[in-house]
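Peer 1: Whatever this is, show me its structure:
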Amino acid sequence: MANRSYLYSTNTPPTADAVPQRIRCVSEHNWSIPLAHQLLVGRGTSVVPSMIWNPRIGIAADFDGGADLLLGLLRVVGQGLEDDGGFAECVARTTAHLDKQRDRFFVLETGEMVSLHDKDPEAAVESLVAHDIPDAVARAEAAVSGRDEAWLASVRKDWEQHFASFYSDALYFSFPSP
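Peer 2: Predicted coordinates for the structure are as follows:
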């Protein structure tokens, strides 16, 4: 079994007492929390209870802000990949799925990833929210504004690792419709 990060959209963030009434599947990614997932939860980011596991290892964020950031980065990454049909297809698929699954919040489920190496998954998620995600957001913002060409070139070179996640209406962990 592959360990994955899972991304959902919801109308409210999960709380200690309840999961959101409407949960839509967005994406899953094997063996990492990719740059795309980090950017999608990069605006209005907070640690929340998991909708899948017991520890407080979920991450909620503003949907529109995260989607705008990712799509802006994809636009500038694509300026160096005009002849790459695979990248264009990835962007089209990602954009269409985000539009289809649009809601107020993203919720990133990190449990399988933070449990691989960390003895304290909650501390690992706190570190993601305090350091890794803000660092990724800052690099993406700099790249979009033309201030970090070296980082942009490295992302462009390995675009599949960063952006080619599985986008679907059904993920390994799916939730019943209300």
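Peer 1: buried sites along the helix or strand of the chain with the lowest mean pLDDT?
Peer 2: Lowest by mean pLDDT, DSSP states H and E among the helices and strands of the chain is helix 111-117, with a mean of 82. The neighbour-count check on helix 111-117 (16 or more other C-beta atoms under 10 Å) flags Gly111, Glu112, Met113, Val114 as buried. (Glycine included, C-beta is placed from N, CA and C.)
Peer 1: Isn't the first one up against Pro55?
Peer 2: The one in question is Gly111. Yes: counting by C-beta atoms under 8 Å, Gly111 does reach Pro55; the two are 7.3 Å apart.
Peer 1: about what we covered before: what are the contacting residues of the least confident helix or strand of the chain?
Peer 2: If you take C-beta atoms under 8 Å, 6 or more residues apart in numbering as the criterion, helix 111-117 is touched by 3-5, 31-33, 50, 52-53, 55, 57, 121, 124-125, 128.
Peer 1: Now list the buried members of those residues.
Peer 2: Applying 16+ other C-beta under 10 Å to the contacts of helix 111-117 flags 4-5, 32-33, 50, 52-53, 55, 57, 121, 124-125, 128 as buried.
Peer 1: Those residues in helices, which ones?
Peer 2: Under the assignment DSSP state H, these contribute Pro121, Ala124, Val125 to helices.
Peer 1: for these, which one is nearest Ser46?
Peer 2: Closest approach to Ser46 among those (C-beta to C-beta): Val125, at 10.6 Å.
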